[in-house]
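Novice: What would the 3D arrangement of this be:
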Amino acid sequence: MSLGSTDVVVVSPPGSDTAAGSYLEWSPILGGAVLSAAISTIMAAFGSAIGLSLVSAETERSTSMMGLAIAGALWALWVTVSASGAGGYLAGRMRKPLGDASSHERGVRDGAHGLVVWAVGALLVAFITSSSLMGAARTAASGAASLASGASSLVSQQADPLASALDTVMRSNGATPPTQGEREEASRILVRSLANGSLEAGDREYIASRMATRMNIPQAEAEKRIDDAYARLNQAKETAKQAAEKARRTGIIVAFLTAAVLLVGAAAAYLAAMLGGRHRDEEIDLFGGR
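Specialist: Below is the predicted model:
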């Protein structure tokens, strides 16, 4: 049978066969994944160092939280794209193509290898991050986040609003101080009142009468102390609720950004693997030579 002018004969290069029934070559995939994980780990450590250099316990000398968030997002995007691209390119360049594939099909297979590199690399990074190898980087990142809030914020977080309120209410001013049992009883009443949303008049009068008798102060003054303490506790409760809501919104944003960055990394690995395969077929050096 003679070949027409438009027929193409593709000859498999020596040693290009893969395992029967599979087009995947795991050697270049694992090599690319290891390279990707190594780049991610190194750049994460650099990122932690840079983050620590941008923050300070003194608020006026520290970069704003918005600035840190933007810088961190851009850094994560750059690291993910760079690591995924490097791993995908290596896999595409090192893969041995089958001779039964057209140029387009080889590109698709190279890209598929890049996607697998991205997936395996992500699993490796997750494993490394959870191990002691990344302990220093995690500690640095945690320290950066703590320093960014300022020393005054750290002190306020450590204070106990309920204990502070009771200290104010039961300040003896030289009179007989309340007993530990009376203090605990007042604490339980205030906690229950906060949970219910209001301080009942009976509870208010009961605590005030005990305080007035114990510390020899007017009933009106005792009631004013209780009202002031309850107002401060309510304010602390609202502040905590706002902080929890802010943390919830931040978690949602971080989750979406993480997913978006990972998807961009997958696209970068796919395209880089196709580029590596094209350079392999055309025998082009990465730096432009032949």
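Novice: how close does Pro28 get to Ala266?
Specialist: For Pro28, the distance to Ala266 (Cβ to Cβ, to the nearest Å) stands at 17 Å. For every residue, glycine as well, the C-beta is placed using N, CA and C.
Novice: Also Gly47?
Specialist: Using Cβ to Cβ, Gly47 is found at 21 Å from Ala266.
Novice: now Ser48
Specialist: For Ser48 relative to Ala266 (Cβ to Cβ), the value is 25 Å.
Novice: Kindly report the same for Ser164.
Specialist: Counting by Cβ to Cβ, the gap from Ser164 to Ala266 is 51 Å.
Novice: These two: who's more crowded?
Specialist: Remark: of Ser164 and Ala266, Ala266 carries more neighbours, 19 against 14, as counted by other Cβ atoms under 10 Å.
Novice: What's the separation between the residue nearest to that one when sequence neighbours are not counted and Gly47?
Specialist: Nearest non-adjacent residue to Ala266, counting by Cβ to Cβ, 6 or more residues apart in numbering: Trp118, 4.9 Å away. The spacing between Trp118 and Gly47, counted by Cβ to Cβ, is 20 Å.
Novice: Compare the two and say which is more crowded by neighbours.
Specialist: Trp118 (30 against 20).
Novice: so what's that one scoring on pLDDT?
Specialist: The model reports Trp118 with a pLDDT of 94.
Novice: Could you shift the numbering so residue one becomes 16, and keep it that way?
Specialist: All set: I'll call the first residue 16, so the last point we hit is now Trp133.
Novice: what's the helix or strand it falls within packed up against?
Specialist: Using DSSP states H and E, the element containing Trp133 is helix 118-145. When contacts are defined as 3 or more Cβ pairs under 8 Å, 6 or more residues apart in numbering; DSSP states H and E, helix 118-145 sits against helix 41-68, helix 80-109, helix 234-297.
Novice: buried residues in the first one?
Specialist: Burial within helix 41-68, assessed by neighbour count using 16 or more other Cβ atoms under 10 Å, is assigned to 43-56, 58-59, 62-63, 66.
Novice: Next: the second one.
Specialist: When burial is assessed from 16+ other Cβ under 10 Å, helix 80-109 yields the following buried residues: 83, 87-88, 90-92, 94-109.
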